[in-house]
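Novice: With the input below, show me the fold.
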Amino acid sequence: MYPFIETIRIEDGQIYNLDYHTERFNKTRAAFWKDCTPLDLREFISPPTLNGIHKCRIVYGKDVEEVTYAPYQMRQVSSLHLVVSDTIDYTYKSAHREELNALYAQRGMADDVLIVRNGYLTDTSIANVALYDGDTWFTPAHPLLCGTKRSEFLDRQLIVEKDIPQICLKDYSHIMLFNAMIDWKRIILPINEKHLIL
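Specialist: Below you'll find the model as predicted:
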């Protein structure tokens, strides 16, 4: 079994979304180890005293195995290539990314891929997405991974879950990427031939 991962944003010593990370961490552990006791990730994180944004990476199985910190630089994404996989499964955030990496390798000249499963939009290789119809940001109801930022944005009613068929892309004007390290409206692309390569 591959180890699982939580990636947590730490900015100027402040830990972001820790409750959401702890919840997912314990749900994953409970799914694979029925007898495990819930743990509080606060007990394992000692934020760097350095200024700026750092990525805290927690590797775990039944127990926490490793905690590392590294300066973070957001990846620039200005174009996406649609790729299809009806078999990909990334329900749990793990070190096993071979399927995602194989799809990412199909990006061609684009910066990342937007993955379609069974005719519906899911995620990019690194982020959840939301699409804007001029009024509301909708996020795919069945993502590859239920991200912690996605959970936060749903709780804050910034986004709404909806099945988004690939054939309905034209109904939306923009697509936003977000994850634990990429916050609200940091990456927004117009949905057109330049930015979204079909």
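Novice: So which residue is dead centre in this protein?
Specialist: The residue lying closest to the centre of the chain (CA atoms, centre = their mean) is Ala127, at 3.6 Å.
Novice: Spit out the contact partners of it.
Specialist: Shown in contact with Ala127 (CB atoms under 8 Å, 6 or more residues apart in numbering): 112, 147, 177-179, 182, 187. The way it works is simple: take the backbone N, C-alpha and C, and place the C-beta from them, glycine included.
Novice: For Tyr2, state which of those is nearest.
Specialist: Each of the contacts of Ala127 was checked against Tyr2 using CB to CB; the closest is Gly147, at 18.5 Å.
Novice: quick one: the residue of the chain most remote from its centre from Val64, how far?
Specialist: No residue in the chain sits farther from the centre than Asp35, which is 27.8 Å out by CA atoms, centre = their mean. Distance, Asp35 to Val64, using CB to CB, to the nearest Å: 17 Å.
Novice: coming back round to it: pull the most distant pair out of the contacts of Ala127.
Specialist: For those, the farthest-apart pair by CB to CB is Asp112 and Gly147; their separation is 15.1 Å.
Novice: which strands and helices sit next to the lowest-mean-pLDDT helix or strand in the chain?
Specialist: Lowest mean confidence among the helices and strands of the chain (mean pLDDT, DSSP states H and E): strand 196-197, at a mean of 75. When contacts are defined as 3 or more CB pairs under 8 Å, 6 or more residues apart in numbering; DSSP states H and E, strand 196-197 sits against strand 80-84.
Novice: Give me the buried positions along the strand it packs on.
Specialist: 80-83 (16 or more other CB atoms under 10 Å).
Novice: Now do the helices in this structure.
Specialist: Remark: helices assigned in the chain by DSSP state H are 18-32, 98-104, 148-155.
Novice: Show me how far the shortest one is from its chain's centre.
Specialist: Chain-centre distance of helix 98-104: 15 Å, with CA atoms, centre = their mean, to the nearest Å.
Novice: Now it: average pLDDT?
Specialist: Helix 98-104 carries an average pLDDT of 97.
Novice: residues near the closest residue to Gly134 other than its chain neighbours, how many?
Specialist: Distance criterion CB to CB, 6 or more residues apart in numbering; nearest residue to Gly134, sequence neighbours excluded, is Ser173 at 6.0 Å. By other CB atoms under 10 Å, 13 other residues sit near Ser173.
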